[in-house]
Each structure stands twice: as structure tokens, then as C-alpha cells.
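Undergrad: Give the three-dimensional model of this entry:
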Amino acid sequence: MPKYHFPEDLRAAQLALHQTRATSEQYATTLPWSAEPMSGWESDKQLHSTYRSGKPDSPGYTEEQAADVTRFRAELLRLSTEVVTHPYWQSLSGPDLVDARMVLRHAHEVAESEAA
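TA: This is a model prediction of the structure:
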């Protein structure tokens, strides 16, 4: 039996936040390393190592990539605000509030394991 009975809209917002963050992070791996055009670099060889860190030239983000990043950030901010300011949190206080927030972050994992 669950310790907390989260409203469905709160659970949905938390799940959407997880999914949006994961999608945003995955998208970020496809972007150039610098948002602005920037020259690459290579560091000096380190003592007792053959490794040289460095980056190739970055063309910067295209207008479409910059717009996508802006959209992701706005959606993450909106969802984070929706979760954090949900009226449900007013019904809890002290350690229960902290515990409930941590439980909510993993509520989708419990739902997936119960569905399997």
C-alpha cells in the first residue's frame, strides 16, 4: 500500500518532467560542444601520459538548434514549477514533505514494475 496518494495530475507532471529532461539530455549530445562558433583547441601533453585533451572547431548552434534548446528549457521550467508549486504539498510538512517529494521522483518506477 503506497504511503502517499499523489494526485494524478501531479504524477503526470512529474513523469512529463522526467521524460522531457531525458529527451533534452539526449538531444544535447547531438549538438556542437559550443553554442557559439568557437575555435578548437588541444592541451599540452601531461606528464607521464600520452593523453592530450582537446576539442575540434565548433560551428555553433544553428537557429533551429538554439530554438530547440530554448523550447526544452522553457518546458523544463514550466514542468518543474508545476510540480514544486502543486497544492498537494500544502497537505504535508516537515520530514513527510521531504520524504514525499523523494517518493514522487520514483513513483513512475513503482508503477512500471507493478504493470510488468
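Undergrad: Let's see the pLDDT reported for Glu112.
TA: pLDDT, Glu112: 64.
Undergrad: Let me fix that, I meant to ask about Ser49.
TA: 87.
Undergrad: same question, the one 3 residues further on
TA: With respect to pLDDT, Arg52 has a value of 87.
Undergrad: Please apply the same query to His18.
TA: pLDDT at His18 comes out at 96.
Undergrad: could you pull out the helices for this structure?
TA: With DSSP state H as the criterion, the chain has helices at 8-28, 63-84, 94-105, 107-115.
Undergrad: Let me have those helices in JSON lines, extended by distance to Met38.
TA: For the C-beta atoms, the positions are set from N, CA and C on the backbone; glycine is no exception. Below are the helices of the chain laid out as JSON lines (distance: least, C-beta to C-beta, whole Å):
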{"stretch": "helix 8-28", "distance to Met38": "17"}
{"stretch": "helix 63-84", "distance to Met38": "15"}
{"stretch": "helix 94-105", "distance to Met38": "36"}
{"stretch": "helix 107-115", "distance to Met38": "38"}
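Undergrad: where does this protein have low pLDDT?
TA: Applying pLDDT under 70 to the chain flags residues 1-2, 111-116.
Undergrad: In it, which residue sits furthest out from the middle?
TA: Using C-alpha atoms, centre = their mean, the residue of the chain lying farthest from its centre is His48. It sits 37.4 Å away.
Undergrad: Phi first, then psi, for that one.
TA: Note on His48: backbone dihedrals following degrees, to the nearest 10 are phi 60, psi 30.
Undergrad: Name the residue closest to the centre of the protein, please.
TA: Arg21 (3.2 Å).
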